[in-house]
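A predicted structure for the sequence below; I have some questions about it.
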Amino acid sequence: MEKTRCAWVGKEDIYVKYHDEEWGVPVRDDARQFEFLILETFQAGLSWITVLRKRENFRKAFDNFDYKKIALYNEEKIQSLLENEGIIRNQLKVRATVTNAQAFMEIQKEFGSFTDYIWGFVNGKSVNEKRKSIKEVPATNEISDRLSKDLKKRGFKFVGSTVVYAHLQATGLINDHTTDCFRHIEVKEDATF
């Protein structure tokens, strides 16, 4: 019997795998948080499938999303990224990745980890939504508004409330799997710590 999934998934294997194995699973690891944050910033204005298809290219181009290395990128490295046809070659987003890596490390210094910082916005527990259909899923909410504002204040770029909300969904701070999706209850059970 075919499993029921969130309506946005479609049939493409890469999308199904991402939905079934990653999307909405609580992430409490700084390296993974950074990876998702960078991918979300590159996705701004584009479809998520575009980013997923280029994910491995991003991983190679950006030193496996190592924020310590990315924070030190110089102009020569930035120019080489802008010539890399395997990634999304948006100059503002590439430069923002370097800036965001630096700001990410500042948050680590202040809070001990980025994970502690971001999970503080949901009091350390996943927000378990009970949306019946994709039409009920908002593009932003009060949490993403507050987090976006705080990230911007700390120097992050491309972190508008919509990008931040997508990040909260992807990293399991908000469980937005619809209630008919087989992952809704699985992710909810993963979120109990």
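Received the coordinates, thanks.

buried residues of stretch 121-141, list them for me.
Using 16 or more other C-beta atoms under 10 Å as the test for burial, stretch 121-141 gives Phe121, Val122, Ser126, Val127, Glu129, Arg131, Val137, Thr140, Asn141. All C-beta spots, glycine's among them, are computed from the backbone N, C-alpha and C.

could I get those as a markdown table with pLDDT, secondary structure and distance to Arg95?
Formatted as a markdown table, the buried residues of stretch 121-141 follow (pLDDT from 0 to 100; DSSP: H, G, I helix; E, B strand; the rest coil; distance: C-beta to C-beta, whole Å):
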| residue | pLDDT | secondary structure | distance to Arg95 |
| --- | --- | --- | --- |
| Phe121 | 97 | helix | 26 |
| Val122 | 96 | helix | 30 |
| Ser126 | 93 | coil | 32 |
| Val127 | 94 | strand | 32 |
| Glu129 | 91 | coil | 34 |
| Arg131 | 94 | coil | 36 |
| Val137 | 94 | coil | 31 |
| Thr140 | 96 | coil | 25 |
| Asn141 | 97 | coil | 29 |
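
can you give me the neighbour number for the nearest residue to Arg28 once chain neighbours are set aside?
Leaving aside its sequence neighbours, Arg28 sits nearest to Thr115 (C-beta to C-beta, 6 or more residues apart in numbering; 5.1 Å). For Thr115, the count of nearby residues is 20 (other C-beta atoms under 10 Å).

which residues sit against the helix ranked longest in the chain?
Ranked by residue count and defined by DSSP state H, the top helix of the chain is helix 91-111. If you take C-beta atoms under 8 Å, 6 or more residues apart in numbering as the criterion, helix 91-111 is touched by 30, 34, 37-38, 41-42, 44, 62, 67-68, 70-71, 73, 78, 81-82, 114, 117, 120, 151, 154-159.

my read: the residue nearest to Arg28 touches Phe34, true?
No: the pair Thr115 and Phe34 fails to qualify as a contact (C-beta atoms under 8 Å) at a distance of 10.2 Å.
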